[in-house]
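In: just to be clear, the model below is a prediction. Sequence and coordinates:
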Amino acid sequence: MDGSGQLATIMMELIKENEHLLRLGREKQQVLIRNDVQALQRLVQEELKHIQQVERLDAQRQWHIQQMLGQVTGNESGVVSETGIRLRDLLGQMPLSPEKERLEGLAQSLRRLLEELRHVNEQNRQLIEQSLAFVHYSMELFAASAASDGGAMYDKQAKMRETPSRTGLSWLDQKV
């Protein structure tokens with residue numbers, strides 16, 4: 001398989017892995033809304049596996065782009081400075097061909113997918129921030145309730161002064 005064929009295969013694998021990440025991101029939205037911590041932990045672990053695979057594939061993609069760019073520009077060793085090499089740089093140097101069109105189509109699909117993934121991740125970030133704000137607010141209410149009842153809830157013998165229902169703690173004892 002030639003360089004552009006290998007690069008296309010890697011890009012298709014990148015698309016597949018990012019589709020998995022997008023699916024997981026959407027599942028995380030529902031899990032965050034339901035406040036299902038165990039399901040969230042499972043999804044995060046699965047997500048980490050796909051992220052590692054994306055990183056591995058991206059390194060391969062960079063290497064192939066570097067090699068192909070070196071060949072297109074006439075650099076015999078195929079070595080080009082690694083900083084900032086993008087597929088766009090390679091495509092700009094390639095002559096018009098079916099391989100170039102295929103790579104352009106894959107790049108466009110990957111860009112659209114990554115933009116959608118960014119959007120879902122931003123929504124998830126906002127859901128997490130809202131959840132944390134609610135927890136913070138609840139803790140402030142709890143602290144204010146304890147302070148209004150004389151500050152300390154326990155006496156010197158580590159016994160509760162009042163029952164939880166009178167100190168505002170009954171909501172902690174309830175099963176949700």
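Out: Arrived safely, thanks for sending. If you're wondering where the values come from, they're calculated on a predicted model, not measured in any experiment.
In: residues near residue 115, how many?
Out: The tally of other residues near residue 115 (other C-beta atoms under 10 Å) stands at 9. For glycine as for every other residue, the C-beta is placed from the backbone atoms N, C-alpha and C.
In: host element of it?
Out: helix 98-148 (DSSP states H and E).
In: packing partners for that helix?
Out: For helix 98-148, the packing partners by 3 or more C-beta pairs under 8 Å, 6 or more residues apart in numbering; DSSP states H and E come out as helix 3-34, helix 87-93.
In: buried ones in the shortest one?
Out: This points to helix 87-93. 87, 90, 91 (16 or more other C-beta atoms under 10 Å).
In: kindly report the same for the first one.
Out: Buried positions in helix 3-34, judged by neighbour count with 16+ other C-beta under 10 Å: 3-4, 6-8, 10-11, 13-15, 17-18, 20-22, 24-25, 27-28, 31-32.
In: also stretch 126-137?
Out: For stretch 126-137, using 16+ other C-beta under 10 Å, the buried residues are residue 127.
In: skipping adjacent residues, who's closest to residue 64 in space?
Out: Closest residue to residue 64 in three dimensions, ignoring its sequence neighbours and counting by C-beta to C-beta, 6 or more residues apart in numbering: residue 7, at 4.4 Å.
In: swap in residue 6?
Out: That would be residue 64: by C-beta to C-beta, 6+ apart, it lies 5.8 Å from residue 6.
In: element containing that neighbour?
Out: With DSSP H and E as the test, residue 64 turns up in helix 37-72.
In: I'd say residue 13 and residue 56 touch.
Out: No: counting by C-beta atoms under 8 Å, residue 56 is not a contact partner of residue 13; they are 9.6 Å apart.
In: lowest mean pLDDT among the helices and strands of the protein, which one is it?
Out: The least trusted helix or strand in the chain, going by mean pLDDT, DSSP states H and E, turns out to be helix 164-167, with a mean of 49.
In: next one: residue 35 from residue 133, what distance?
Out: To residue 133, residue 35 is 14 Å away according to C-beta to C-beta, to the nearest Å.
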